[in-house]
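J.: my questions concern the predicted model and sequence given below.
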Amino acid sequence: MSKYEPLWKHLEKDRRENFRMSFDDIAVVLGFPIDHSFLNAKKEAKAFGYTVGKISLKEQFVTFEKLEEAQP
């Protein structure tokens, strides 16, 4: 289990299409601030239905984009 899994599960429950979260909001969900390892872990979000978009170090936010669900 990745240390970022609580964030991915939070996104999965949220179900919003496209949104952004501040670094502070993410730290509340995780219980710790994101660090450089987030750059490698961001690919894990796909398994929970999201991609990580823009990461702004200056403004301290991350955008998330919901993946389109596959049609049967």
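T.: Looks like it arrived, so ask away. Residues are numbered from 1 along each chain as shown.
J.: in the protein, which spans are helices?
T.: Using DSSP state H, the helices of the chain run over residues 5-14, 23-30, 38-41.
J.: turn those into TSV, including distance to Gly49 and mean neighbour count.
T.: For every residue, glycine as well, the C-beta is placed using N, CA and C. Shown next, in TSV, are those (distance: least, C-beta to C-beta, whole Å; neighbours: other C-beta atoms under 10 Å):
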stretch	distance to Gly49	mean neighbour count
helix 5-14	6	16
helix 23-30	16	15
helix 38-41	16	14
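J.: next, the buried residues of stretch 15-22.
T.: For stretch 15-22, the neighbour count (16 or more other C-beta atoms under 10 Å) marks Met21 as buried.
J.: do stretch 44-52 as well
T.: Buried residues in stretch 44-52, counted by 16+ other C-beta under 10 Å: Glu44, Ala45, Phe48, Gly49, Tyr50, Val52.
J.: save these as TSV, and put in pLDDT too.
T.: Shown next, in TSV, are the buried residues of stretch 44-52 (pLDDT from 0 to 100):
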residue	pLDDT
Glu44	96
Ala45	96
Phe48	94
Gly49	94
Tyr50	95
Val52	97
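J.: what's near enough to touch the residue lying closest to Phe38 once chain neighbours are set aside?
T.: Spatially, and ignoring its direct neighbours in sequence, Phe38 is nearest to Tyr4 (6.7 Å; C-beta to C-beta, 6 or more residues apart in numbering). Contact partners of Tyr4, counting by C-beta atoms under 8 Å, 6 or more residues apart in numbering, are Leu30, Ile34, Phe38, Ala41, Glu44.
J.: can you report phi and psi for Tyr4?
T.: Main-chain torsions, Tyr4, degrees, to the nearest 10: phi -90, psi 0.
J.: got the contact list for stretch 64-71?
T.: Counting by C-beta under 8 Å, 6+ apart, stretch 64-71 makes contact with 11, 15-21, 45-46, 49-53, all of which sit outside it.
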